[in-house]
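**Student:** structure for the following, please:
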Amino acid sequence: MIASGGVYNYAFSKLTRGKLLKQPDWNEWQQSEFLQLDQYQKQFMFGTPTLVHDRSQVFHLVWTYNIKDLDQRKKARCACDGSTRGGKVRLLDYTYANCVDHTASRMFYAISAAENLLIFGADVCNAFSEAPAPKQGFYIQPDTAFCEWWIHQGNDPIPDGYVIPVMRAMQGHPESPRLWEKWCDKMIKTHHFTPTTHEPCLYTGIWHGEKCYFKRQVDDFEFAAPTIQLANLFYDAIDDHLTMPIKRQGMVTLFNGIDVLQTRHYIKISAETYIEKMGSKYLELWHKEVPLTAERPLPIPTHETFLKNFHNAIGDNNPDSAKILQQKYHFGYRNGVGELIYAMVTCRPDISTVTVKCAQHSANPAEIHYQSVKHAIKYLVATRKDGIYFWRAKPRMDLHEHPVPVCATALHGQIPPLVTRPTHDALQLHAYTDSDWATCTKTRRSFSGIIVQLAGGTIAYKTKLQPTVALSSTEAEFMAACDTGKMILFIRSILWDLGIPQQAATVLYEDNDACTAMANAQKPTTRTRHMDIRYFALAEWVEHDIMMLERIHTSINLADHMTKILDRTLFYRHVDYIMGHVPPVYSPCYTAYSKQQTPAVEFETTLDDMCISESAAAAAKCCLHTYPWVNITSCSALIQSTPCYTSQWIVGGC
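**Tutor:** Numbers count the residues shown, from 1 in each chain. Alright, predicted model coming up:
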């Protein structure tokens, strides 16, 4: 913490009170401070100033200042410093509080789309202050901002040495999050909403005769209901329990950093706001230096030479060399990887493999790893509007119609004859699993890939370096299938609690015959006798009809994308289905979409990493619209036939 302007601010804060005092809009910031303390006062937070002899229970106030992304309003936030810096906290109760898991959050949006619901948001003001005080009584030391507000209220100045008793749970105290969660959970249950066992932040219940869903993330709420009238009635009931009126946000467009687009045919979640904010700082530095093709870029170059160097390169252990690379590329390597990770775990499975492989080199990155992170960030900025689509079974005619996502299946390459993609109903859970055997050149361990889908989009995904060395590809596949099985169990449990039971066994698509036989027919081999625990677990799940493994062709196994870096054809063949770009069969958009599709084009391998000029790309695009796809056997031949064709080659330019 740092002292600034008579108060304490966090050292990492960009806006401090000392800086704001010098700005012409200081009056607005001070009004924001007063508003924060006024809200506390309405919630009976502060007692009468008093003298105490035991200073171990006196804590400092800490102020943060920011501008809200949603409405650009100035917000001052006050909390107590509950760490050992400010006092000796005696914990007399548990401090753990649940936050909604990303998988459960995506399930909420998928279910809302499948059941044709609308999602309405709300925010509780000073949520922690609604809960009772911690068992340990404590006080706060009034700072300049508090003293100014106290006098502004018409009170006498606070004498020196006096402190303020805290009568409610206050943000900053270690016990406050759990106290609020327990209080909030009890409040929601009074309206006959029941939380799920393994995800206590998700609830379901019957509200005025309609099945609805509720999600809480600390003090942010989402309520999925058929109409806005039901949502208003629910938030009216919540208001009756609160001392401060709940802030209603209408139909959700931004929730905890995730953009939510609710349209007539689908619900899309994306990280557009986050990516724009993250990418803006790179625009003037190096954003324009990394070449990408005009359309359908890749998150990392896919040249064989580039990938070989990427996997085998080892950075210099000299700290000075690391500083030179950091100054050259204008970002810290771990910071760049961290920015990729946030987008990946929220709603961008398309960068999962690249992010995990870049993170492997965080301890000692080489220059090629910096280049890869730059390229991935450029890809994110270029595709910032992309996200995961969950499709409605029926159109919501009261919502605006938005375009169906762009998906050129003609660019997916040819799939072997008689190979067809499986189809599923909106609320039918299904999964894909795959592994890439012994591809880590340093440890010879394998990568597992997992995709779990619902409502036409992906709700759970994982790229994982397996913890042990697999002695065969079957063992690697079986380990991946076991991890997928555990994820299926978790999701099925939540769906059961939400009143969406999976009547049939969940289909787990696997492209390894030996692995499928071992699980479904309990047929072990001599090479897998040491896998007894994993074998019996997965075989038992299959025996109990919880899941079943089904053979799928490698060319359409979506989990293949999660195990390795793919060329452009395979990348978009899988990603367009992983992200839900292709409407599912049950969607009203499917019929119109399928009529627009054309036969696949045979790609030459040399096209995957070719960088062409914008004029060539435009000419090629014009020709593609002019000539029927069925008469074209090579896209590269088409481009060469245009007058502005260029043979420019750039290593790593994708």
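**Student:** distance of Tyr498 from Ala393?
**Tutor:** Not quite, residue 498 is Leu, not Tyr. Distance, Leu498 to Ala393, by Cβ to Cβ, to the nearest Å: 17 Å. Using the backbone N, CA and C atoms, a C-beta is placed for each residue, glycine as well.
**Student:** which non-adjacent residue is nearest Met278?
**Tutor:** Spatially, and ignoring its direct neighbours in sequence, Met278 is nearest to Glu339 (5.2 Å; Cβ to Cβ, 6 or more residues apart in numbering).
**Student:** so who does the nearest residue to Val124 once chain neighbours are set aside touch?
**Tutor:** In space, and not counting its chain neighbours, Val124 is closest to Asp219: 4.3 Å by Cβ to Cβ, 6+ apart. If you count contacts by Cβ atoms under 8 Å, 6 or more residues apart in numbering, Asp219 has them with Asp123, Val124, Ala127, Phe128, Trp180.
**Student:** what sits against the third one?
**Tutor:** In this case it means Ala127. Ala127 touches Trp180, Cys184, Val218, Asp219, counting by Cβ under 8 Å, 6+ apart.
**Student:** ok, Leu177 touching Val218?
**Tutor:** That one is not Leu; residue 177 is Pro. Yes: using Cβ atoms under 8 Å, Pro177 is in contact with Val218, at 7.3 Å.
**Student:** packing partners for the helix or strand containing the residue nearest to Met278?
**Tutor:** Assigned by DSSP states H and E, Glu339 falls within helix 333-347. Taking 3 or more Cβ pairs under 8 Å, 6 or more residues apart in numbering; DSSP states H and E as contact, the helices and strands that helix 333-347 lies on are helix 102-114, strand 266-270, helix 272-280, helix 319-329, helix 352-359, helix 367-382.
**Student:** residues of that helix that come out buried?
**Tutor:** Within helix 333-347, the residues that count as buried by 16 or more other Cβ atoms under 10 Å are Tyr333, Gly336, Val337, Glu339, Leu340, Ile341, Ala343, Met344, Val345, Thr346, Cys347.
**Student:** how about stretch 26-36?
**Tutor:** Buried residues in stretch 26-36 (16+ other Cβ under 10 Å): Trp29, Gln30, Ser32, Glu33, Phe34, Gln36.
**Student:** so how far is Thr95 from the second one?
**Tutor:** Right, Gln30. Separation of Gln30 from Thr95 (Cβ to Cβ): 33 Å.
**Student:** residues contacting stretch 430-437, please?
**Tutor:** The contact list for stretch 430-437 (Cβ under 8 Å, 6+ apart) reads 422, 424, 446-453, 466, 470, 472-473, 476-477, 479-481, 483-484, 487-488, 506-511, 547, 552, 554, 557-560, 562-564.
**Student:** extract the C-alpha set from it and format it as CSV.
**Tutor:** C-alpha atoms of stretch 430-437 as CSV (Å, rounded to 0.1, in the frame of the first residue of the first chain):
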residue,chain,number,x,y,z
HIS,A,430,-21.6,-35.3,-25.8
ALA,A,431,-17.9,-35.2,-25.7
TYR,A,432,-14.7,-35.7,-27.8
THR,A,433,-11.3,-36.9,-26.5
ASP,A,434,-7.9,-37.3,-28.1
SER,A,435,-4.2,-37.5,-27.3
ASP,A,436,-1.0,-36.7,-29.1
TRP,A,437,1.4,-39.4,-28.0
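**Student:** that stretch: how far from the chain's middle?
**Tutor:** 21 Å (Cα atoms, centre = their mean, to the nearest Å).
**Student:** can you check stretch 226-235 too?
**Tutor:** With Cα atoms, centre = their mean as the basis, stretch 226-235 stands 27 Å off its chain's centre.
**Student:** likewise stretch 268-278?
**Tutor:** In terms of Cα atoms, centre = their mean, the centre of stretch 268-278 is found 10 Å from the chain centre.
**Student:** how about that stretch: buried residues?
**Tutor:** By neighbour count on 16+ other Cβ under 10 Å, the buried set for stretch 268-278 is Lys268, Ile269, Ser270, Ala271, Glu272, Thr273, Tyr274, Ile275, Met278.
**Student:** okay if I get the residues you listed as JSON lines plus distance to Ala224 and pLDDT?
**Tutor:** Output for those, formatted as JSON lines (distance: Cβ to Cβ, whole Å; pLDDT from 0 to 100):
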{"residue": "Lys268", "distance to Ala224": "15", "pLDDT": "97"}
{"residue": "Ile269", "distance to Ala224": "14", "pLDDT": "97"}
{"residue": "Ser270", "distance to Ala224": "19", "pLDDT": "97"}
{"residue": "Ala271", "distance to Ala224": "21", "pLDDT": "96"}
{"residue": "Glu272", "distance to Ala224": "22", "pLDDT": "95"}
{"residue": "Thr273", "distance to Ala224": "21", "pLDDT": "93"}
{"residue": "Tyr274", "distance to Ala224": "23", "pLDDT": "94"}
{"residue": "Ile275", "distance to Ala224": "26", "pLDDT": "93"}
{"residue": "Met278", "distance to Ala224": "29", "pLDDT": "89"}
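**Student:** now distance to Tyr162 too, for these, in CSV please.
**Tutor:** Shown next, in CSV, are the buried residues of stretch 268-278 (distance: Cβ to Cβ, whole Å):
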residue, distance to Tyr162
Lys268, 54
Ile269, 50
Ser270, 51
Ala271, 47
Glu272, 49
Thr273, 44
Tyr274, 44
Ile275, 49
Met278, 45
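**Student:** ok so, going back, what touches both of Pro177 and Val218?
**Tutor:** Counting by Cβ under 8 Å, 6+ apart, the contacts common to Pro177 and Val218 are Ala97.
**Student:** in stretch 496-504, which residues are buried?
**Tutor:** Within stretch 496-504, the residues that count as buried by 16+ other Cβ under 10 Å are Asp497, Leu498, Ile500, Gln502.
**Student:** same thing with stretch 440-448?
**Tutor:** Cys440, Arg445, Ser446, Phe447, Ser448.
**Student:** all strands of the stretch 1-150 of the chain, in order?
**Tutor:** With DSSP state E, counting those that start in this stretch applied, the stretch 1-150 of the chain shows strands at 2-4, 7-9, 58-67, 74-80, 118-123, 139-141, listed in chain order.
**Student:** select, out of these, the one closest to Ser352.
**Tutor:** Checking those against Ser352 by Cβ to Cβ gives strand 118-123 as the closest, at 25.5 Å.
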